[in-house]
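[1] Below are the sequence and a predicted model; questions follow.
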Amino acid sequence: SRFFPAETAAIEQQKGETSESEESSNASKSDSIVKATATTISTDVSEIVENVLPAIVQVTNVGLTEYQTSFGTVQQESTSAGSGIIVSQDEDYIYIATNNHVVSGAETLTITFNDGEAVEGSIKGTDSSCDLAVVSVAIADIPDDTLSAIKVATLGDSDATVVGEAAIVIGNAMGYGTSVTNGIISAKDREVSITDDSGNVVSNTFLQTNAAVNPGNSGGALLNANGEVIGIVSAKLSDTTVEGMGYAIPISYAWDIIQQMVDNDVV
């Protein structure tokens, strides 16, 4: 099994037959049996998604990749796709939280908003040790119609998240544009080791979800049922025997680091 950065439902119910003697026995024990109650959980997350989409962006990284050949080192332009979350805005800039590996090696960064408008962004700060980064976009570069439509995401309390609660992932899966998957929080405090761009093995603690995470989702949002960001999608476990193991950096941990990058006066 290997962990990879995440950049680049019907329920079957088995019914058994019960004999008359078993029914009689069960009836006599009815006082000591806790009966299950049916609970309907809505899978319609359209209202949540509609409210959050204006805070989610696509991040396109165009950089140079070096290859070793028999003729020496060759540089070739490469393009990768990721996601980002609008987390802050001031008079001059909007600030987008994403992953370090989404912006690493960028010659240019293009930020595409929910309405399809694309503008250039600049790296405001990065921290490879926790795979976080902030990208700034000058408000002067954003058309008025787009600016009036974007939103700053509402952040939740990932510490208060409980295993089994609903979870939604929004991001630029496969670079096709923004898409949505949903599931639950599968686990908290999962320690995962990932090899960063420099070849260093970095271990961090994540939220685990079974909501589908695919290449391009990196930097996107993990949401709770209130539409609050509780994590920044960062990685998935990729293996032929594995399904539904995606990981997000808890927002309660990430926010202090993001805020420091936003407050950095170097643009």
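    Perfect, thanks for sending it. Residues are numbered from 1 along each chain as shown.
[2] Surely S203 and A235 touch.
    No - with contact defined as C-beta atoms under 8 Å, S203 does not count as touching A235 (11.6 Å). Every residue, glycine included, has its C-beta placed from N, CA and C.
[3] Of those two, which one has the most company?
    A235 (26 against 9; other C-beta atoms under 10 Å).
[4] For the more buried one, give me the pLDDT.
    At A235, the model reports a pLDDT of 89.
[5] partner residues bridging it?
    P5, Y247 (DSSP bridges).
[6] on that earlier part again, which neighbours do S203 and A235 have in common?
    Residues within reach of S203 and of A235 at once, by C-beta atoms under 8 Å, 6 or more residues apart in numbering, are V192, I194.
[7] From T181, how far off is G244?
    In this view, G244 and T181 are 10 Å apart by C-beta to C-beta, to the nearest Å.
[8] which residues do the two both contact?
    Joint contacts of G244 and T181 (C-beta under 8 Å, 6+ apart) are A211, A212.
[9] out of these two, which sits in the busier spot?
    Neighbours per residue, other C-beta under 10 Å: of G244 and T181, the larger number sits with T181, 20 against 16.
[10] Got the confidence number for the more buried one?
    Reported pLDDT for T181: 96.
[11] Next, find the distance separating it from A167.
    According to C-beta to C-beta, T181 and A167 sit 9 Å apart.
[12] Check I258 too.
    With C-beta to C-beta as the criterion, I258 and A167 are 20 Å apart.
[13] ditto for Q89
    Distance of Q89 to A167, computed by C-beta to C-beta: 26 Å.
[14] These two - which one has more neighbours?
    A167 (25 against 16).
[15] residues contacting the nearest residue to E243 once chain neighbours are set aside?
    Once flanking residues are discounted, E243 sits nearest to N210: 7.9 Å by C-beta to C-beta, 6 or more residues apart in numbering. Shown in contact with N210 (C-beta under 8 Å, 6+ apart): A167, G183, I184, S186, E243, G244, M245, G246.
[16] Could you give me the PyMOL syntax to select whichever of the residues you listed are buried?
    Applying 16 or more other C-beta atoms under 10 Å to those, the buried members can be selected in PyMOL as follows:
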select buried, resi 167+183+184+186+244+245+246
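[17] Could you work out the most separated pair of the contacts of N210?
    A167 and E243 (15.5 Å; C-beta to C-beta).
[18] Please enumerate the strands of this protein.
    Counting by DSSP state E, the chain has strands at residues 2-5, 56-69, 72-89, 93-98, 106-112, 118-127, 132-138, 166-171, 179-195, 201-209, 221-223, 229-238, 246-250.
[19] Can you spell out which helices and strands pack onto the fifth one?
    In this structure, strand 106-112 makes packing contacts with strand 56-69, strand 118-127, strand 132-138, judged by 3 or more C-beta pairs under 8 Å, 6 or more residues apart in numbering; DSSP states H and E.
[20] Of all these, which one comes closest to T146?
    strand 118-127 (8.3 Å).
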